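In: below are the sequence and a predicted model for it; my questions follow.
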Amino acid sequence: MKVTVDNDRCTGHARCNAAAPDVFLLDDVGYCAIRGTIDVPAELETQAREGAAACPERAISISE
């Protein structure tokens, strides 16, 4: 699974990190630290989906 974050849409709510702290790390000011696309290990896929669903800006997309 791949996770892509549109950093232009991220507004720093940090809900992705609250739902999936092992996937969505935050930068020093509370925005998602992922830049572009990352590969998510199988054991974190459920967390990644929950984090993406928690984003109110829909800045996170998932592809298989």
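Out: Looks like it came in fine.

In: hmm, Gln47 and Asp22 touching each other?
Out: Yes. Between Asp22 and Gln47 there is a contact at 5.8 Å, judged by C-beta atoms under 8 Å. Yep, even glycine has a C-beta here, placed from its N, CA and C like the rest.

In: these two: which has the busier surroundings?
Out: Gln47 (17 against 13; other C-beta atoms under 10 Å).

In: and the closest residue in space to the more buried one that isn't next to it in sequence, what does it touch?
Out: Leaving aside its sequence neighbours, Gln47 sits nearest to Ala20 (C-beta to C-beta, 6 or more residues apart in numbering; 3.8 Å). Residues in contact with Ala20 (C-beta atoms under 8 Å, 6 or more residues apart in numbering) are 44, 47-48, 50-51, 54.

In: so Ala20 versus Pro41, what's the distance?
Out: Distance of Ala20 to Pro41, computed by C-beta to C-beta, to the nearest Å: 12 Å.

In: now Asp27
Out: 22 Å.

In: swap in Asp6?
Out: Following C-beta to C-beta, the distance that separates Asp6 from Pro41 is 22 Å.

In: neighbours of Arg9, how many?
Out: There are 12 residues near Arg9, going by other C-beta under 10 Å.
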